[in-house]
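> sharing a model prediction with you, sequence too.
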Amino acid sequence: MFEIVFLGTSASAPSVQRGLTSQVVLRGEHRFLIDAGEGTQRQILKSGLGFKRLDRILITHGHLDHILGLGGLISTFVRWETMDKILIAGGKSALDRIRDLLFGVVLKGKYPPVEITFQDLESGVIFEEDDFTVTAFPVYHRTPDCFGFVFEEFSRRPFLPEKAKALKIPPGAWRGELVNGNPVTLPDGRRIDPEMVLGEMQAGIKLVHVGDAGRTDNLVEFAQGADALVIEATYLETEKDLAEQFGHLTANQAGELAKEAGVGTLLLTHISRRYREDQVLEEARAVFPEVYVARDFDRFQVKRGECVKV
Ligand SMILES: [Zn+2]
Ligand SMILES: [Zn+2]
């Protein structure tokens, strides 16, 4: 299971209800902060997540509504020394801007007591953990080097407890070995092959995050079959010309992408103050029924074939 907590869901400028873009993806002890618009550190505190282990920051692109919060956040991290090191991963132009913000202003003249590493993103796997990967892919927007992120569990063959029961396999390490694909010999001398207790190969749970985007045709392959797709919906079709001009999407385009890519649930964010939430929802829902317009502090659990708001 992956979880995503929305910390800020507004486009360009904050509103009374919505902070600027930021979200945290969680899996077990792993946490990834995606973007950090102005005000993100307070949103983290308000959400109850706290700063612990929030040491991997992924940046979709370098627009100010996605990065300005890094100034305050890193300043606090450095003063409190809550972690030993911080990794900031983003496209080259985003990282250039972030370095200017951090080393030209926030940390100017100081030697930070926390190790800050910048990872220049290219398409491909960024992190490979025990049972999932995080992959970056290119996104077209109004600025160069924009990236989206796929969080995906490894495919696996599920352990079938009813078969294990029928074979009278006792609880213990044997089950773990079989799940890992290794044959075992039980205390009674019987040899059990993994084939006997494992089901068909299943794709892992997949959560796809796209920040700001100006087109969708190049995103279908990456969003394909995602259990949940997070993407912007800054405009409505009535102002499609503005969406195009500023390299953003309409709710309808986001819905069409979700349909074409066969995703489970669509989570819309980067919501403009010019519309009511229900207008955005309605427009997307007309093409793709399983859709939410995320609000600040919404938390979703992404499981196989379902995405549940908790
Ligand atoms: Zn934006
Ligand atoms: Zn942008």
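Arrived safely, thanks for sending. Numbers count the residues shown, from 1 in each chain. Ligands and ions are numbered 1, 2, ... in the order given.
> pLDDT of the longest helix along the chain, averaged?
The single longest helix within the chain, with elements called by DSSP state H, is helix 69-80. Averaged over helix 69-80, pLDDT sits at 92.
> and that helix, what does it pack against?
strand 30-36, helix 40-47, strand 85-90, helix 92-101 (3 or more CB pairs under 8 Å, 6 or more residues apart in numbering; DSSP states H and E). Placement of C-beta: from N, CA and C, glycine included.
> let's go with 10 Å and repeat that
strand 22-27, strand 30-36, helix 40-47, strand 56-58, strand 85-90, helix 92-101, strand 115-120 (3 or more CB pairs under 10 Å, 6 or more residues apart in numbering; DSSP states H and E).
> then stretch 24-40 to CSV, C-alphas only?
Backbone C-alpha positions of stretch 24-40 (Å, rounded to 0.1, in the frame of the first residue of the first chain) are rendered in CSV as follows:
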residue,chain,number,x,y,z
VAL,A,24,3.8,13.4,1.0
VAL,A,25,3.9,9.8,-0.3
LEU,A,26,4.3,7.2,2.4
ARG,A,27,5.1,3.5,2.4
GLY,A,28,6.1,1.8,5.6
GLU,A,29,9.0,3.9,7.1
HIS,A,30,9.7,5.6,3.7
ARG,A,31,8.5,9.1,3.1
PHE,A,32,8.8,11.3,0.0
LEU,A,33,7.9,15.0,0.0
ILE,A,34,6.8,16.0,-3.5
ASP,A,35,7.1,19.8,-4.1
ALA,A,36,7.1,22.4,-1.4
GLY,A,37,5.1,25.5,-2.2
GLU,A,38,5.2,28.4,0.2
GLY,A,39,3.9,27.5,3.7
THR,A,40,4.7,23.8,3.4
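> distance between that stretch and the chain's centre?
8 Å (CA atoms, centre = their mean, to the nearest Å).
> ok, now stretch 7-24?
16 Å.
> could you shift the numbering so residue one becomes 666, and keep it that way?
Yes, from this point I'll number from 666; that puts the last item at stretch 672-689.
> ok, R856 - contacts?
848-850 (CB atoms under 10 Å, 6 or more residues apart in numbering).
> filter these down to the ones in helices?
Going by DSSP H, the helices hold none of the contacts of R856.
> in the stretch 766-915 of the chain, which spans are strands?
Secondary structure of the stretch 766-915 of the chain (DSSP state E, counting those that start in this stretch): strands at 780-785, 789-793, 797-804, 811-818, 849-850, 856-857, 871-874, 893-897.
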